[in-house]
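Enquirer: got a predicted structure plus its sequence, pasted below:
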Amino acid sequence: MRTYDFSPLFRSTIGFDRLFDLAETAQRATDESYPPYNIERLAEDRYQITLAVAGFSPDEVSITAEQNVVTIEGGKTKKAEREFLYRGISTRHFKRQFNLADYVQVKGAAFDNGLLKIELVREIPEAMKPRRIAIAGATSSGNVHQIEAKAA
């Protein structure tokens, strides 16, 4: 895979730092596929991330949300003294991060049948929502004067 150097663009742009950081993060992303996950859109402003964390209990998984990143970490606390003939269920330590868009917040998480479900909601502040601005002097009778009138 090719790598791109964005440093020349930093000199000529203002306010696009986050965009370049996201591009570099995506570029550095490895093909790590553990644990597998789904991202679903439940409604226009509601999303859900579902991670398959079989073999972990809720107290072995932590979720941290800060600014525009949600981080899920998991690790087994104790080693089981068992003899496995075949071990297909992985219980290795993992750390998975998701970058969130502006105004997307984590609303809750639930652990159900080996699936960790994280609810996300986009809540745009009232000050950031579009609003209609009234135009002063919009009435036609106050500012319009008829100069001359022709009789029909």
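Expert: The structure has been received and is ready for your questions. Numbers count the residues shown, from 1 in each chain.
Enquirer: R96 and F84: what is the separation?
Expert: To F84, R96 is 25 Å away according to CB to CB, to the nearest Å. (Glycine included, C-beta is placed from N, CA and C.)
Enquirer: sorry, that was for E44
Expert: From E44 to F84 the distance is 46 Å (CB to CB).
Enquirer: neighbour count: R96 and F84, which is higher?
Expert: R96 (16 against 8; other CB atoms under 10 Å).
Enquirer: surely that one is in contact with S33?
Expert: No - contact criterion CB atoms under 8 Å: R96 and S33 do not qualify, at 10.1 Å.
Enquirer: just the C-alpha atoms of stretch 100-109, please, in PDB.
Expert: C-alpha atoms of stretch 100-109 as PDB (Å, rounded to 0.1, in the frame of the first residue of the first chain):
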ATOM      1  CA  LEU A 100     -17.100   9.700  15.500                       C
ATOM      2  CA  ALA A 101     -18.500  12.600  13.500                       C
ATOM      3  CA  ASP A 102     -19.100  15.900  15.200                       C
ATOM      4  CA  TYR A 103     -22.000  15.900  17.700                       C
ATOM      5  CA  VAL A 104     -22.200  12.100  17.800                       C
ATOM      6  CA  GLN A 105     -22.300  10.900  21.400                       C
ATOM      7  CA  VAL A 106     -22.200   7.500  23.100                       C
ATOM      8  CA  LYS A 107     -25.600   7.000  24.800                       C
ATOM      9  CA  GLY A 108     -25.200   3.600  26.300                       C
ATOM     10  CA  ALA A 109     -23.800   0.100  26.000                       C
END
